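Trainee: Show me how the following folds:
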Amino acid sequence: MRFRFELAGTALLAGILALSVAMPLPVFSQDTSSSAAPSSSAAPSSSPADTAVPDTRTQDEILLAGKRVWSDAACYNCHGTNGQGGRSPDFPAGPSLRKSVLDPDTMLMITECGLPETRMPAWLKGAYTEIGCYGDEPGPIPTGVLVAGAYSKDQLKDLIAYVQVNFMKQPLPTWTSEQ
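Mentor: Presented below is the predicted three-dimensional model:
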């Protein structure tokens, strides 16, 4: 499978490149067992009768759920306890999330699909194998891509909300039903 980025504008490219600074992480593998629960976003298409259920949680509930993912995935090992960027001798120096200029959609895409040829893994359950990444159809995991595959799309949205609000001092992101 050939990996491709389709970028619209230099700001997006600059943001992705800033985030992709050498970030070695432990190698993870995808759980491909049939007993793994599918992600809520795994369905590739939906009929007009299928509508997204609006998120009725409070901002505090969303941020608490995002903080749980931040802690569970140990994002702080690479990005620092407060998103300031990593400086541990035991983990890669991930970029500062406090200084990031990435919009929530781009940050979600990178978190879901990782950054090929870096140590930033794909955290989305079924990334690449069940859910295509970066415009590609589902298939084998490309060479140079690490896949943790631990979280649903909704859990990753909560994580991005947590990062945006707490570290980047941005408002809570709003997601469309297609995201």
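Trainee: how about the strands of this structure, start to end?
Mentor: In the chain, the strands defined using DSSP state E lie at 122-124, 147-151.
Trainee: who wins for proximity to L64 among these?
Mentor: In terms of CB to CB, the element of the strands of the chain nearest to L64 is strand 147-151, at 15.3 Å. For every residue, glycine as well, the C-beta is placed using N, CA and C.
Trainee: Which parts of this structure are helices?
Mentor: 10-19, 59-72, 76-79, 104-113, 153-166 (DSSP state H).
Trainee: Out of these, which gets nearest to I141?
Mentor: Ranking the helices of the chain by proximity to I141 (CB to CB) places helix 104-113 first, at 10.5 Å.
Trainee: In the closest one, which residues are buried?
Mentor: P104, T106, M107, L108, M109, I110, T111, E112, C113 (16 or more other CB atoms under 10 Å).
Trainee: ok, now stretch 62-79?
Mentor: Under 16+ other CB under 10 Å, the buried positions of stretch 62-79 are 62-63, 65-67, 69-70, 73, 75-79.
Trainee: Just to check, S88 is in contact with N77?
Mentor: Yes. Using CB atoms under 8 Å, S88 makes contact with N77 at a distance of 6.6 Å.
Trainee: can you list the buried residues of helix 104-113 in CSV and add pLDDT and distance to D154?
Mentor: Formatted as CSV, the buried residues of helix 104-113 follow (pLDDT from 0 to 100; distance: CB to CB, whole Å):
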residue, pLDDT, distance to D154
P104, 95, 14
T106, 94, 18
M107, 95, 15
L108, 96, 11
M109, 95, 15
I110, 95, 17
T111, 96, 12
E112, 97, 11
C113, 97, 16
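Trainee: Looking at those, which is nearest T58?
Mentor: Among these, P104 lies closest to T58 (CB to CB), at 18.4 Å.
Trainee: residues in contact with the closest one?
Mentor: Residues in contact with P104 (CB atoms under 8 Å, 6 or more residues apart in numbering) are I160, A161, Q164, Q170, P173, W175.
Trainee: The fourth one and G139: what is the separation?
Mentor: Think Q170. 34 Å (CB to CB, to the nearest Å).
Trainee: Alright, that wraps it up for me.
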